[in-house]
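Chemist: Need a 3D model of the following:
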Amino acid sequence: MSILDTTKIGNSVQINLELSKDRLTKEVIDAINVSSVAKIRDFRITDGKGIGVILQLSNGKEQWFFEDEIDLLDENGNLIKKINDKKETSNFIFNFLRGLNYENKNKVSELLNPINFFIWLAVSFKDIF
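Modeler: Residues are numbered from 1 along each chain as shown. You can find the predicted model right below:
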């Protein structure tokens with residue numbers, strides 16, 4: 001779910017300073033320290049995939065932020081829990097693959113063992129699904 005589905009221009013958000021302070025000026029950081037709540041002024045496409053937001057800070061200045069650097073607030077000022085976009089599967093095979101871990105093998109006999117190869121292959125492909 002995109003930020004565009006859950007909010008609109010004029011809504012309030014809370015800025016997560018820890019995720020963005022390495023690229024912000026001292027003036028912007030000071031404004032966020034005064035109040036981390038800001039209003040959405042506009043949306044911008046970041047890199048063809050994501051959405052960024054232009055926020056009006058407590059000092060009246062506007063600053064651009066990535067979608068993951070802010071937390072959405074409801075009408076009462078409470079944080080809205082972020083929805084995880086990844087689909088949870090209840091398939092037995094996928095649950096089995098999530099529990100697999102592969103450790104590098106040093107002995108030739110371990111490398112040539114077909115079971116070790118299968119485990120390596122399954123672990124390598126589990127992130128694709």
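Chemist: switch to C-alpha atoms for all contacts and neighbour counts from now on
Modeler: Will do.
Chemist: Helices along this structure, start to end?
Modeler: 3-6, 17-20, 26-34, 92-98, 108-112, 114-125 (DSSP state H).
Chemist: between those, which gets nearest to Gln63?
Modeler: helix 26-34 (7.8 Å; Cα to Cα).
Chemist: ok, back up a step: can you tell me which of the helices of the chain has the worst average pLDDT?
Modeler: Ranked by mean pLDDT, the helices of the chain bottom out at helix 92-98, with a mean of 55.
Chemist: Could you export the helices of the chain as JSON lines, including mean neighbour count?
Modeler: Supplementary listing: those in JSON lines, determined by neighbours: other Cα atoms under 10 Å:
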{"stretch": "helix 3-6", "mean neighbour count": "11"}
{"stretch": "helix 17-20", "mean neighbour count": "13"}
{"stretch": "helix 26-34", "mean neighbour count": "15"}
{"stretch": "helix 92-98", "mean neighbour count": "12"}
{"stretch": "helix 108-112", "mean neighbour count": "11"}
{"stretch": "helix 114-125", "mean neighbour count": "14"}
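Chemist: For these, give me JSON lines that also has distance to Asn59.
Modeler: Shown next, in JSON lines, are these (distance: least, Cα to Cα, whole Å):
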{"stretch": "helix 3-6", "distance to Asn59": "24"}
{"stretch": "helix 17-20", "distance to Asn59": "16"}
{"stretch": "helix 26-34", "distance to Asn59": "6"}
{"stretch": "helix 92-98", "distance to Asn59": "47"}
{"stretch": "helix 108-112", "distance to Asn59": "62"}
{"stretch": "helix 114-125", "distance to Asn59": "49"}
